[in-house]
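# can you look at this prediction? I've put the sequence above it.
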Amino acid sequence: MAKPISIEVWNPSGKYRVVSTKSMPGTRWIRLLADNDCRLEICTETKTILSVDDILALIGDRCDGLTEEWGEVLFSALKRAGGTAFSNMAVGYNNVDVEAANRNGIAVGNTPGVLTETTAELAASLSLAAARRIVEADQFMRAGLYDGWLPHLFVGNLLKGQTVGVIGAGRIGSAYARMMIEGFKMNLIYYDLYQSTRLEKFVTAYGQFLKANGEQPVTWKRAATMEDVLREADVISLHPVLDKTTYHLINPERLAIMKKEAVLVNASRGPVIDEVALVEHLKANPMFRVGLDVFEDEPYMKPGLADMKNAVVVPHIASASKWTREGMATLAALNVLGKIKGYPVWGNPNLVEPFLKEDATPPAACPSIVNAKQLGLPSSKL
Ligand SMILES: NC(=O)c1ccc[n+]([C@@H]2O[C@H](COP(=O)([O-])OP(=O)(O)OC[C@H]3O[C@@H](n4cnc5c(N)ncnc54)[C@H](O)[C@@H]3O)[C@@H](O)[C@H]2O)c1
Ligand SMILES: O=C(O)[C@H](O)CO
């Protein structure tokens, strides 16, 4: 067992012991827990990733709820310590073995909705940065290499009138699509297991508006296969969940059918792309560009990626706006608090605004519990 690790304690006499494995942004989440009879222990270790032993030490022999890769060992330790609640500070929960949580009767919270626009904005930023070669040009400028305007200097791709391809048109994929369509008047082709009627209606309406103003209307198409998107689109952004169906969804065969000058963006999960194959593709196709927020072996990049000028890479910052991160912390804390208090689960995890109003008391509900059905938790009528 690892030695006890450093913690900061809030409301030491609180009845329920809640542990946060990381310090989270803002103070509202701390207040909400402390004002509701929770003794909150926040891990203040400076290392980014805690080991299983570290987390076991944090759980100790009594813990009511916890906010981090979670599987059988940790969920059974949390259960032995009397805990019933866990929350990810993330919408994606591929790091959590939900079946292990079910076996141990632990509710698993996540933080949807609050990060949709922020994440889509970063995907849009990566699309622009890659299409217009912004990072390469910035490095060139700083290196003192600019000695005057040239017709061929950092020529990239125009987005207007081109086709944006979205794979996974859920909350974030749809928000990204709307930004690219409305912002750059791109046409849409998307692939998802489900039809995105709202997105289709938006593009139709925006197309009619453009037409009425004498402009070329934008269009949409729901692709029958992912390959159709990869063949047709000029910019492709990946927004599916990571599961068995999306692991290495972008592989050598699929890279080969994409346009030679396409832009590929990934702000979903690293393993959705076969990163070794991507590095080979970038080497062979210098006009093909990528914007990556996530990596297959995060925090590491596959060999060669860091040397590729046609890759823009950022360290998993897609949801990193102050408002969003504070909101994620609040939702994570309220998931745990709600379960401890026996509150029902909020009816619509896509509509979480009522939990985010700074000066208002949040609804008496858990904002989003992914295994609510499996655990038979009641649903809120609010
Ligand atoms: N980089 C970041 O910081 C960051 C931030 C937020 C979310 N994410 C990732 O983005 C993902 C999407 O988040 P969301 O809130 O939009 O989720 P969501 O559930 O609203 O959307 C995911 C979409 O993917 C679709 N999908 C599932 N399997 C598919 C497949 N095989 N092919 C095509 N589409 C498929 C689903 O039908 C759904 O519409 C999260 O799971 C998370 O992993 C990353
Ligand atoms: O899934 C998520 O929410 C992210 O990866 C963290 O923003």
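Perfect, thanks for sending it. Numbering: from 1, shown residues only. Ligands and ions are numbered 1, 2, ... in the order given.
# tally of neighbours for the residue nearest to residue 255 when sequence neighbours are not counted?
With sequence-adjacent residues excluded and distances taken as C-beta to C-beta, 6 or more residues apart in numbering, residue 255 is closest to residue 281, at 4.4 Å. The C-beta positions use only the backbone N, C-alpha and C, and glycine is treated the same way. When counting by other C-beta atoms under 10 Å, one arrives at 22 neighbours for residue 281.
# go on, residue 376?
7.
# one more: residue 31?
Per other C-beta under 10 Å, the neighbour tally for residue 31 reads 15.
# returning to that earlier point: so the residue nearest to residue 255 lies in a helix, does it not?
Yes. According to DSSP: H, G, I helix; E, B strand; the rest coil, the state of residue 281 is that of a helix.
# contact partners for it?
Contacts for residue 281 were tallied using C-beta atoms under 8 Å, 6 or more residues apart in numbering; they are 252, 255, 256, 288.
# that one and residue 36: what is the separation?
52 Å (C-beta to C-beta, to the nearest Å).
# repeat for residue 200
43 Å.
# between the contacts of residue 281, which is nearest residue 192?
Nearest to residue 192 out of those is residue 255 (C-beta to C-beta; 20.6 Å).
# residues of the helix or strand where the closest one lies that come out buried?
Per DSSP states H and E: residue 255 is located in helix 252-257. For helix 252-257, the neighbour count (16 or more other C-beta atoms under 10 Å) marks 254, 255 as buried.
# may I have that helix as CSV, with CA atoms only?
Extracted C-alpha coordinates of helix 252-257, given in CSV (Å, rounded to 0.1, in the frame of the first residue of the first chain):
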residue,chain,number,x,y,z
PRO,A,252,-4.4,2.8,-42.9
GLU,A,253,-7.2,1.8,-45.2
ARG,A,254,-9.4,4.7,-44.2
LEU,A,255,-6.6,7.2,-44.3
ALA,A,256,-5.9,6.0,-47.9
ILE,A,257,-9.4,7.0,-49.1
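# touching ligand 2 at all, the lengthiest helix in the chain?
Secondary structure of the chain read by DSSP state H shows that its longest helix is helix 322-341. No. Contact of helix 322-341 with ligand 2 (C-beta under 6 Å from any ligand atom) is absent, the minimum separation being 6.9 Å.
# for that helix, packing partners?
strand 16-20, helix 28-34, strand 65-66, strand 85-87, strand 107-109 (3 or more C-beta pairs under 8 Å, 6 or more residues apart in numbering; DSSP states H and E).
# let me have the ones you listed in CSV, extended by mean pLDDT and distance to ligand 1.
Shown next, in CSV, are these (pLDDT from 0 to 100; distance: least, C-beta to the nearest ligand atom, whole Å):
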stretch, mean pLDDT, distance to ligand 1
strand 16-20, 96, 19
helix 28-34, 97, 18
strand 65-66, 63, 20
strand 85-87, 97, 15
strand 107-109, 98, 14
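# out of these, the one nearest residue 183 is which?
Residue 183 sits nearest to helix 28-34 of all the helices and strands packed on helix 322-341, at 31.7 Å, using C-beta to C-beta.
# C-terminal to the closest one, what's the next element?
Next along the chain after helix 28-34, taking DSSP H and E as the criterion, comes strand 38-43.
# who are the packing partners of that next one?
Helices and strands touching strand 38-43, by 3+ C-beta pairs under 8 Å, 6+ apart, are strand 7-10, strand 16-20, helix 28-34, helix 52-59.
# apply 10 Å and report the result again.
In terms of contacts (3 or more C-beta pairs under 10 Å, 6 or more residues apart in numbering; DSSP states H and E), strand 38-43 is packed against strand 7-10, strand 16-20, helix 28-34, helix 52-59, strand 65-66, helix 322-341.
# residue 322: what's it in contact with?
Going by C-beta atoms under 10 Å, 6 or more residues apart in numbering, residue 322 touches 25, 26, 118.
# residues near the last one, how many?
Read that as residue 118. Neighbour tally, residue 118, other C-beta under 10 Å: 21.
# please renumber so the chain begins at 4
In the new count, where the first residue is 4, that last one comes out as residue 121.
# could you look up the SS state of it?
Following three-state DSSP, the label given to residue 121 is helix.
# residue contacts, residue 272?
Under the criterion of C-beta under 10 Å, 6+ apart, the neighbours of residue 272 are 95, 97-98, 241-246, 249-250, 296-299, 301, 319.
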